[in-house]
Each structure stands twice: as structure tokens, then as C-alpha cells.
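[1] Task: produce atomic coordinates for the following.
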Amino acid sequence: MGSLSKFETLKKDFLNGLPSEQYELLKNLADYSSCISDFIFRHPEQLDYIFSQLNENLLGREKLIEEASQLLEIPDDNSFISSLTFFKMKHFSRIVAKDIYKKNYLMDLTEEYSYLADACFEVSYKRSLNKFKKRFGTPIDESTGMEAEGSVIALGKHGGLDLNYYSDVDVIYIYSNEGKTTEGLTNREFFINVFKEVTKYLTKRNFEGITWIVDLDLRPEGKKGFIAYSLPAVEFYYWSHGRTWERNMLIKARHSAGSEKVSKEFMEIVEPFIYRKYAGTEIFEEVLEMKKLIESEAKKKISGEYDVKRGEGGIREIEFTVQILQLLYGGKDPELRERRTLKALEKLINKGYIKESDGKILKEGYIFLRKLEHIIQIKNCVQTQSFNYKDSEYYGNKLGFKTKEEFLNKLEFYKNEIKRIFENITPESEVKLSPLQKFILTKQFEEEAEEYLKTLGFKDPSWALSRFKEIFFSKIYVELSENSKEQLFNFITEFEEQLKEFPDREDFLLNFTKMMTEGGMLWVFVSALEQNRNLVQFMLNIGRLSDYISDLMSRDREILDWAFGIEDVPTDKEGFEKEFNVISSNLDIPDRLKKLKKIVEVLVSLKYLSQIHRDNSEERIKEINISLSNLADYILEKLYQYFEGKSFAVYGLGKLGSREMNIGSDLDLIFVFKDEQSKNKFIKIPANIVKTLTSYSKEGMLYQLDLRLRPFGKGGELSPSISFYKNYFEKEARSWERLAWTKSRFITGDNEVKNEFEEIIQKFLFENPLTEIFIEEIFDMRFRLEGLVKETPEEIDIKLGKGGITDIEFLIQIFLIMNRSRRTNILEGVSEYLPNLKTEYIFLREVEARLRMIKGVGMSKIYKNSPFLYRIAHSFGLEPDQLWGDIVSAKKSIREVFLREIKIFRNKLKT
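    All right, here's what the predicted structure looks like:
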């Protein structure tokens, strides 16, 4: 009768006036729980309520919330808090009474108790929300313009509807999205205030005690994190930083209070994070480490005590056995996605993941230990799971055992059997993950992943791993669908092999990463993984070959829209004009032209790269040359109009003049005025055009210029008059200039100037017949150019070197002069005059095109040990030594023909 001593001393009349059944109830409650006894002592009338509810149905969530909502009418917070604690103790006492009298199944009672916590959170949230909306205004979701909402997510035993009688409640506070309140406070600040107040309502000590112990340590980033997170922030955190233990923890997540819509969206976010289809045993090394921590913690014994939760063969080992199997197989078997431990256990048994005999032991052991845990906790109203063996008789009696020995034997049996089952978890899986996949999945084993990347050939594996983090921990990856994430994750092993086989793997990985994240192409790539493997290889080829295109696509996301939104690549004035008009008019004309140039270069290059394995080399090289030449023409024409050009013409020499522009080609420009009077009047316009072409802005630069082919080279006048050129051609020009001007082509400007200047060019090129001296001077010039590049056995120049493209150009230009032809295109000349070198010429032009695509500059040198050689070789489907040999062979053939033709020219001119 010691448990009723307080009543006997201070409330004897109350005690004596109780009917026998209520007296027995009070005695049992006081014997089980001192805090319930204290509650009834403060509120004797509650014994009637508890007794009246013994044979009634459990209330359930909605009725509990309905009753709790009446507390919202209480005006001051302190009264609300004490009333909330009273509400909790009233129903806690009711639930315990039902437990003592075995009126309901244990799991139904823990469910009711979990709903009691929900009801307390619900009214606390509503009260706090209304309070801060009055103070700071209504929070607005920036993405929808609607009111932003918050919710409470239950975790742990609270989430699993298995709440202990004296457990804390694990929760996460979330809200729909960022934005601001109607009074200008950020949503983050607003909801942090709201949820701080919720926590205060539930945890502030008052004369009734405290309502709940609220644990927020399981929120993103733990104790150092914010008290509340938006859904986008939650999604980004779990997919970019979430660990396996957090997946394990989120198995039990469910809506507790606040907006059910926000909670539903939260569950949609975390479910694919928790349950992965590609889960294999290797990735559970971290889980097994968690298992070892549990085992080591369980072995920490206090003399004479046993921890029924953490001890060997305790509750946690049962829960962990269930959850590890859920994590392993729940991705492919949605039926296993169950919050409640016993229900999940039953499903694992029915599906054959746990033997029936072991499952029976785990179920019975779980119920036994949970009942023991409850009795331990409510005895002194403390949050403990420590069973003291000296109290064996008391606990055995409460659990219905006849003797202490019978109780202890049962305890030892379950401990030993649960431990055996737990220690022998050996999940089977055929999934084999690479160390890199393991790291990406678990966010653990970083050193192992770096060692693995080292074996793939990366000189700085830490750098390489950071690139993978940029992809798989990025916001764009987080926003992919569950299936898309799986597709990309499975692609990792294939990508690893490609990196291993590609010597210039650092640039390849860097290009790929930039395109996927900075360029926003990840969603396109993943879609291709699902539907179009040819597109996958095409996008990988961009990363392998072209740093320049990769960089353009990563720095300007608009280019992606053009790249995948235009059916026909613009190649002429009409196409350029159409795309130019689409570009934002917020930019000035020069920047719109720069944007257009980037777009067209990317589109033309992408089309070229998409065809590199086809047998259409001539068509391929002609298309890229003509398209880029037409683009330069269009830009120059636009600038001429922009600066209101008058009385002068713009001519192109070099690759522009011959319509053989390539990626990285500069412009050889000539400006010619009608006369001195026009030049004096409009002299600034050519200078403005040059300045615009070569100036940088955020959109980049249009072109590098090469003005060395103008009279007197760099030191000459920028834009002389026609009369100057006439005099210069007649008296000053050298033999090589006559050769260079075979490529001269009118681009834009005054047609009168064009017509008059064309006559002067024709006369310069064709009036004087070729002489042996001319051929000797050209021959000498060719060898001087060759000497400038200084080739070695390890370094060759495919343009200016021995047997390079310049050999063919010189020959064709001589043929053009001899035949009085104003054809400027070298390939056309090769087809007519040197058809036997057409294959070699196109081959070297293709090598040049692919070399220039690597960095986007006018390179023509190739080094034998350069990774660039491998990249170009790979694009041809060759090994580097094969490509090197083919280049050397082509140059040899060209040089032989060059020497032979020069000899023929000499002989003809001698006669």
C-alpha cells in the first residue's frame, strides 16, 4: 500500500470514498507509475475519466486533435502550455490503464500514444502559426504566389507509431518553399520563429511537468543545422549529403502535424532516397559499421543491469535487422516500405527474407522487450531502458510471470536468440558496385573512392572525385526523377571504363562535368541514357574532343536551348538572320552578333561531330567551312550596316577569302576606300569595325584579326583608297602577295568600289605572265615558312610544315594564276588541278578542324606525346600511332607532289 501513501496521508477521504473497482485502478496505476499517481493526486476527478475509458474504444488521431484544438481558445501562452501538459497526462494515464488491464494490443496502444503526440504538435503549430502571422504577415511561396505552409514530420518510434511511454519525440520541421511574408520577413525566418515557439510550447516546464521531450537532432545537418528547412533545401541535402544512417532513420518518417500537402511532398522526396533499386551488399559496409557500433555499445554493461534497448539481443537489434533488410530490398519491393517495425517484420517473413522460425522469435521478443521497457519507464517516469536485475521479481510479476526465474529465463532466451539472428544478417545481392558508386550512394568511403580513381589513371584522384561530386551532389541531379537518378547511377561503371581507356581523362571529365552541371545538360544526357544511346555517345564525344565547345555550352545555357531546339543548323544569311532576330534585343548589336557566333559555332560543330564516323569527309569539311565563312560574311555585313559604312568595301583574304573558315580561324581583312575624299570622311568606320570585332564583353569576342596581308603588313595603313592599291600592286607588291590575293573575295560594302577594285585585282593577278623567277621566289617563300615552324620527329605542323596544307595551297594558287581563274576555294582547285591529292588534303583539313575544336584557337602543331593526338585519333577511330603515321604519310605524298609540280612549272617557264 506504500504507493498510495500520499493519498492516505493527504486525501484519505477521497481514497475512502472510491468504489472498489476505482480504488483497485488507482492502486494499480500508482504501483506502475509515480507520475500518473501524482497526476491523479493533483486532479482526483481524472480517475473517473480513466475508469470510464477502460472498456471504450481507443480515440484515434482525429478525435485527439479535435479535443486538443479546444485549447487554442486559451488566451495566454502559459495557461496554454500547462493545459497542453494536462491534456497529454490525461490521455497518457488512460492509455497506461488500458495497458495494465490488457484491454488493447500493445501496438494499438503505442499507436494511440503516437497520435497523442501528433495532437499536441498540431495545436502547438496552429497556435504558433497564427501568432506569427499576426506579427509578421502571411508567408508567400515564391514559386506559386500562394501561402507557404509548414509541417511536422515524425521520425523514430513516433514516426513508426511505436512511441515509448517515456521516449522523446523525434521530429523534423519543414515548410513548402522560400519567399517572404506580406510584411517582408523571409519565410526561413518566419518558420524558424514558428517552430521555435512550437518547441517551447511542448517542452517548457510547468506545474504539470512538461508535455514532451522534443528531439531535433535528426534534422538535416543535426544540431548545427537550421531548426526548419524548406522542401527544396531538404531535397538537396538528402541527395547531396544524405548518409545511409539517414536513409535508415527516414524509413519511419510520416506526417505528424501541419500541412498534409507539405508532408506528402516531403515523403515523395525522401522515398526514392531511402529505397534504392541499385542497393547491393557492398554499399552496406557503412550499415555494417553502424551494426558494429550497436554491438560495441551493447557490450558496455553496468553491473547488475541490462539495457533492453541497446544491449545485446535488445530492441535496437530487432529494429536494425528489419531496417537493413528494408533498405536492401525495399527499392525493388515496394511492399516492404513499412514504418511500423512489427508490420515490416511480418512482410519480411512472408516474402522469405527472414526465416519463419527466426521471424517468430523476433516478433515475440520485440513485444516482450517493449512491454518490459514500458514498465521500466513508467515506474519512475524517466526516459530509461535499464533493467536492474535486483528488481526482477517486480518486473516479472508485472509481465505476468509466476516466478522470477521464469521471467529471467525468458529474457535470456530472447536476448540470445535475437543476438544470434542479428549477428547472422547476410543479405544476398547480385549488385556489384564500384568504389565510386559506393561513395556516391553512401557519402562514405572517400579514401577508397580516391584510390580507385587513381587506378583509373587520374593523377589527382581528389580532384577527379570533386568533379563527380559536382554532378551527383548538384541541384540539377537532385531534381531528376527517381528513374533518371538510377539510370545515371548505373552509367557510372560504363563511364569509369571510358575514362580509363582515354589518356586525356582529366580534360574529358572536366568537359563532361561542366556540360552536365554548369551547362545544365544533365537532364538531356539522362533522357538520352533512357532513349537514345547514340546521343549519349555523341555528347561524350563532345567532351572527349572539344574543350572549346564544352566550355561554350557550359558558360552559356541559352546555347543548350538552341542546340536541342533547332531542327536545321543555320548555314546562310537567311538562317543567320532568323536566329539573330530571336536573340534578346536587350543586348546591343555587337553582343547579339557575338551570341549568334557562339550559337552557330556550337551548332555547326555539333553537326560535324555527329557525322565524324560516317564516310562523308568531303561533305563534312565543306559544310563546316562554308557555314563558318558565311557566318563571318554575315557578321561583317551587319557591322558595316551598324556603323553606316559608305564608300568603302571589305575584302577577305586567307581562309575567309577562300571560304574555308574553321573553328578558331582569324580574319584576314582588307578595307579599301573609293577615293581619298571618302577615306577622309569615313575613316573612323573601318577602325570601329576592327575594334568591335576584337573587343571583349561578357558574350566573348567575335574574331582575332590578321592584318599582315595588307600592304606593308602591320605597319601599313588600315584602309587605303583604290588608287593606293593600284599603285602598290603595280610597283610595290611582292610575288607571294600575288599568290595571297588569289583568295581575295568581296565580303560587303560599296558595289562601285567592288567593281573598280575587282578590275585592279584581276590585273594584278593575271596581267603579267608567270616567270621562272616568280616560281623561285614562291618556292623560297614556302621553305622560309616551313623553317619558321621547326618540325622535329616528335612535333609536326600540318599547315606550315613540310608537306603540309600550305604546300597544296601554294600549288593551287599557282594553277589559278596560270589559268586566270578567280576561283578562291582551295578544295575546288584541288578537285580540278590536283585530284590525286584530294584525299590527303581533306584528311589534313579534318585533322586541323578537330585539333582546333579542342581549344577553339588556330592550332596546327601536333606533338607525338600530346594528349591532343590521342583525342583526335580517337575521333577517327584510330590509335595515336596510326594517326601519326597517316599524317606523316599524307605529308610525304603532298611534299613529293609539291616538288614534282614546282619542277614542272620551272621547266614550262624555261621553254
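
[2] Going by C-alpha atoms from here, please, whenever you check contacts or count neighbours.
    Fine.

[3] can you pull out the helices in the stretch 201-350 of the chain?
    For the stretch 201-350 of the chain, helices defined by DSSP state H, counting those that start in this stretch occupy the ranges 231-241, 244-250, 260-274, 285-298, 315-329, 341-350.

[4] And for the stretch 551-700 of the chain?
    Under the criterion DSSP H, counting those that start in this stretch, the stretch 551-700 of the chain contains helices at 558-563, 573-582, 589-610, 617-642, 654-657, 676-682, 684-694.

[5] CSV please, covering those helices and showing mean pLDDT, distance to Phe413 and mean neighbour count.
    CSV is the format used below for those (pLDDT from 0 to 100; distance: least, Cα to Cα, whole Å; neighbours: other Cα atoms under 10 Å):
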stretch, mean pLDDT, distance to Phe413, mean neighbour count
helix 558-563, 64, 66, 17
helix 573-582, 90, 78, 14
helix 589-610, 88, 69, 21
helix 617-642, 94, 79, 20
helix 654-657, 94, 89, 24
helix 676-682, 91, 103, 14
helix 684-694, 94, 85, 17
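
[6] okay if I get the ones you listed as a markdown table plus distance to Gln498?
    What follows is the helices of the stretch 551-700 of the chain, written out as a markdown table (distance: least, Cα to Cα, whole Å):
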| stretch | distance to Gln498 |
| --- | --- |
| helix 558-563 | 24 |
| helix 573-582 | 36 |
| helix 589-610 | 18 |
| helix 617-642 | 26 |
| helix 654-657 | 36 |
| helix 676-682 | 57 |
| helix 684-694 | 39 |
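
[7] from what I can see Phe512 touches Gln537, true?
    No: using Cα atoms under 8 Å, Phe512 is not in contact with Gln537; the gap is 11.8 Å.

[8] Those two: which has the busier surroundings?
    For Phe512 and Gln537, the more surrounded residue by other Cα atoms under 10 Å is Phe512, and the numbers stand at 28 against 15.

[9] nearest residue to that one other than its sequence neighbours?
    Spatially, and ignoring its direct neighbours in sequence, Phe512 is nearest to Gly543 (5.2 Å; Cα to Cα, 6 or more residues apart in numbering).

[10] Where does that neighbour sit, in terms of helix or strand?
    helix 533-545 (DSSP states H and E).

[11] which helices and strands sit right next to that helix?
    For helix 533-545, the elements it packs on are helix 505-516, helix 522-531, helix 547-555, helix 589-610, helix 838-855, helix 867-876, judged by 3 or more Cα pairs under 8 Å, 6 or more residues apart in numbering; DSSP states H and E.

[12] Kindly recompute the last result at 10 Å.
    Secondary-structure packing of helix 533-545 (3 or more Cα pairs under 10 Å, 6 or more residues apart in numbering; DSSP states H and E): helix 482-501, helix 505-516, helix 522-531, helix 547-555, helix 589-610, helix 838-855, helix 867-876.

[13] Show the average pLDDT along it.
    Averaged over helix 533-545, pLDDT sits at 82.

[14] ok now stretch 55-63, how far from the chain's centre?
    Taking Cα atoms, centre = their mean, to the nearest Å, one finds the center of stretch 55-63 at 47 Å from the center of the full chain.

[15] buried sites along stretch 525-534?
    For stretch 525-534, the neighbour count (16 or more other Cα atoms under 10 Å) marks 525-529 as buried.

[16] same question, stretch 897-911
    Counting neighbours by 16+ other Cα under 10 Å, stretch 897-911 gives 897-898, 902, 905-906 as buried.

[17] now stretch 463-474
    Going by neighbour count (16+ other Cα under 10 Å), the buried part of stretch 463-474 is 464-465, 467-474.

[18] got it, and stretch 488-502?
    488, 492-493, 496, 498-500, 502.

[19] could I get the residues you listed as a markdown table with distance to Thr203 and pLDDT?
    Shown next, in a markdown table, are the buried residues of stretch 488-502 (distance: Cα to Cα, whole Å; pLDDT from 0 to 100):
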| residue | distance to Thr203 | pLDDT |
| --- | --- | --- |
| Leu488 | 45 | 90 |
| Ile492 | 47 | 93 |
| Thr493 | 50 | 91 |
| Glu496 | 52 | 94 |
| Gln498 | 57 | 92 |
| Leu499 | 55 | 93 |
| Lys500 | 57 | 92 |
| Phe502 | 60 | 87 |
